[in-house]
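Peer 1: Got a sequence here, can you build the structure:
(one chain, ligands or ions: 1)
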Amino acid sequence: MSTLFENTKTAFAYKSDKDLKKAKFLFNTMSYPLFVPIGTRITPFIMKTGLPIHGIIRDTIFRQFVGGETLPETATICNLLGSYGVQIILDYGVEGKQDEADYEKAKLVFKDVIEYASTQPNIPFISIKITGIARFNLLQKLNDSPRIRSGIHDHEEEMAEWERVKARLFEICTLAAEKNIGVLIDAEESWIQDPVDRLVIEMMETFNKEKAIVYNTIQLYRHDRLNFLKMFHRIARQRHFILGIKLVRGAYMETERERAANNGYPSPIQPDKNSTDRDFDEAIGYCISNIEEISCIVATHNEESNKLAYDLLKEKGLAMNHPHVHFSQLYGMSDHITFNLAKEGCNVSKYLPFGPLKDVIPYLMRRAQENSSISGQTNKELALIKAELKRRKN
Ligand SMILES: Cc1cc2nc3c(=O)[nH]c(=O)nc-3n(C[C@H](O)[C@H](O)[C@H](O)COP(=O)(O)OP(=O)(O)OC[C@H]3O[C@@H](n4cnc5c(N)ncnc54)[C@H](O)[C@@H]3O)c2cc1C
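Peer 2: Modelled structure (predicted):
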């Protein structure tokens, strides 16, 4: 591990012994080989049966990875992290809803989140999943059918539905620009990404003239995304807006590969982890080399990638808190990176979701999978927590 991230005292200063022991118990449990694969399959069903599982989830995995069920409940964590120089990306964890009333409701919550963020010293961004304000199947249809997209069609109802999605996002971004809060649009499955990219370009063209307000997410586990980043940059140059980019590796690898295999098309995912790492790090280099035109968020728990961005800032003589380079990790993971970067004066944040327990279950399932014994992230987290508990004992 780079010495930059070694200091566990800094990493966990905000956690009591009791909190650390709870985290140790959770990561230990998730490291049992069959726990996560079975747990992620049966939990959504058990939730529906009315069995008293809610309390257990709330006090374990929810507590570790989520800020609360409502916006006011997140305040304690936001304030606590702020006192260590750590910023927050607030994420209303709604996704995969099915009707217009839900989308309108989500829009209002996003606007409340922006209003709240604008009153706080350490919440520069909010994050949005387009599936929180648009129907998944509509996005898929738009993705699959250029004919519908181009407007030469007989699908008036769906076009009207799409116009409403655009209007929702426009309303959210308008308020965000007025309140000077960044809006990060998450990337989801590749088979709905094309209309999302188009929509975000439109928003950037309107709102990113002076500074980056709207950010798109690029998943470098896709083999085509490094080129996409460069193409996106050319469009930004031509149309005179600042490109806002969140760089991630990507969270849907298994489902992407499975769907491609089942439907007989080439997988959009890189052939191996090294290829993903190579493109991710090249994307960091590309963004920082074009720092006047691109504002980037290095969203990763990978120590080498974080160190690379940190070193590039140093090498190029840029301010460690340059407004166009921001680091971010998910709440509940990699505190050793977040808090040590904050100590070095970098712009660094925790991505903090909140929402009713039933709505954040898909998010929690992704976190469980990412932290299962197979991925290896658990062992890393466990080792750090154990090292800190040992240090505190001595
Ligand atoms: C602030 C923040 C915001 C995020 N927003 C999004 C988002 O909008 N959309 C989204 O999809 N994800 C998002 N993520 C999650 C992210 O995509 C990763 O799943 C997660 O962070 C793990 O990758 P890593 O870079 O942290 O670390 P690492 O542990 O170095 O990388 C693990 C990742 O590498 C890739 N990988 C692993 N094995 C292979 C393989 N065999 N072949 C090819 N690639 C492989 C996968 O993407 C895997 O998740 C976000 C993460 C953060 C921190």
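
Peer 1: The protein: strands as residue ranges?
Peer 2: In the chain, strands defined by DSSP state E lie at 87-92, 125-128, 182-185, 214-219, 243-248, 294-299, 325-330, 348-354, listed in chain order.

Peer 1: Serialize those to CSV and add fields for mean neighbour count and mean pLDDT.
Peer 2: For every residue, glycine as well, the C-beta is placed using N, CA and C. As requested, the strands of the chain are arranged in CSV below (neighbours: other Cβ atoms under 10 Å; pLDDT from 0 to 100):
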stretch, mean neighbour count, mean pLDDT
strand 87-92, 25, 96
strand 125-128, 24, 97
strand 182-185, 24, 98
strand 214-219, 26, 98
strand 243-248, 24, 98
strand 294-299, 25, 98
strand 325-330, 25, 97
strand 348-354, 24, 97
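
Peer 1: List, one by one, the residues from the stretch 101-250 of the chain near the ligand.
Peer 2: 186-187, 217, 219, 221, 248-250 (Cβ under 6 Å from any ligand atom).

Peer 1: can the strands of the chain go into JSON lines with extra columns for distance to Gln64?
Peer 2: Listed next are the strands of the chain as JSON lines, based on distance: least, Cβ to Cβ, whole Å:
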{"stretch": "strand 87-92", "distance to Gln64": "15"}
{"stretch": "strand 125-128", "distance to Gln64": "19"}
{"stretch": "strand 182-185", "distance to Gln64": "22"}
{"stretch": "strand 214-219", "distance to Gln64": "23"}
{"stretch": "strand 243-248", "distance to Gln64": "20"}
{"stretch": "strand 294-299", "distance to Gln64": "19"}
{"stretch": "strand 325-330", "distance to Gln64": "10"}
{"stretch": "strand 348-354", "distance to Gln64": "12"}
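
Peer 1: Can you check which of the ones you listed gets nearest to Ile337?
Peer 2: strand 325-330 (5.7 Å; Cβ to Cβ).

Peer 1: Longest helix in the chain, please.
Peer 2: Counting by DSSP state H, the longest helix found in the chain is helix 156-179.

Peer 1: Grab the CA positions of it and hand them over as CSV.
Peer 2: Presented in CSV, the C-alpha positions along helix 156-179 are these (Å, rounded to 0.1, in the frame of the first residue of the first chain):
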residue,chain,number,x,y,z
GLU,A,156,-46.1,10.3,-30.1
GLU,A,157,-46.9,9.1,-26.6
GLU,A,158,-43.4,7.9,-26.0
MET,A,159,-41.9,11.0,-27.4
ALA,A,160,-44.1,13.0,-25.0
GLU,A,161,-42.9,10.8,-22.2
TRP,A,162,-39.3,11.5,-23.2
GLU,A,163,-40.0,15.2,-23.3
ARG,A,164,-41.2,15.0,-19.7
VAL,A,165,-38.0,13.3,-18.7
LYS,A,166,-36.0,16.1,-20.3
ALA,A,167,-38.1,18.7,-18.7
ARG,A,168,-37.6,17.1,-15.2
LEU,A,169,-33.8,17.0,-15.6
PHE,A,170,-33.8,20.6,-17.0
GLU,A,171,-35.7,21.8,-14.0
ILE,A,172,-33.3,20.1,-11.6
CYS,A,173,-30.2,21.4,-13.4
THR,A,174,-31.7,25.0,-13.6
LEU,A,175,-32.0,25.0,-9.8
ALA,A,176,-28.6,23.4,-9.4
ALA,A,177,-27.0,26.1,-11.6
GLU,A,178,-28.8,28.8,-9.6
LYS,A,179,-27.6,27.4,-6.3
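
Peer 1: List the buried residues for that helix?
Peer 2: 158, 161-162, 164-166, 168-169, 172-177 (16 or more other Cβ atoms under 10 Å).

Peer 1: quick one: which of those residues is nearest the ligand?
Peer 2: Proximity to the ligand was ranked across the buried residues of helix 156-179 by Cβ to the nearest ligand atom; first place goes to Leu169, at 15.4 Å.

Peer 1: Am I right that that closest one is in contact with Lys129?
Peer 2: No: taking contacts as Cβ atoms under 8 Å, Leu169 lies outside contact range of Lys129: 11.4 Å.

Peer 1: What pLDDT does the model give Lys129?
Peer 2: On pLDDT, Lys129 comes in at 94.

Peer 1: OK, contacts around Thr74?
Peer 2: Going by Cβ atoms under 8 Å, 6 or more residues apart in numbering, Thr74 touches 67-68, 88, 90, 352, 354.

Peer 1: and it, how far is that from Gln329?
Peer 2: Note on Thr74: its distance to Gln329, by Cβ to Cβ, to the nearest Å, is 17 Å.

Peer 1: In space, what's closest to Val360 - neighbours in sequence excluded?
Peer 2: Gly93 (4.2 Å; Cβ to Cβ, 6 or more residues apart in numbering).

Peer 1: For burial, what's the neighbour tally of the one you found?
Peer 2: Using other Cβ atoms under 10 Å, Gly93 is surrounded by 23 other residues.
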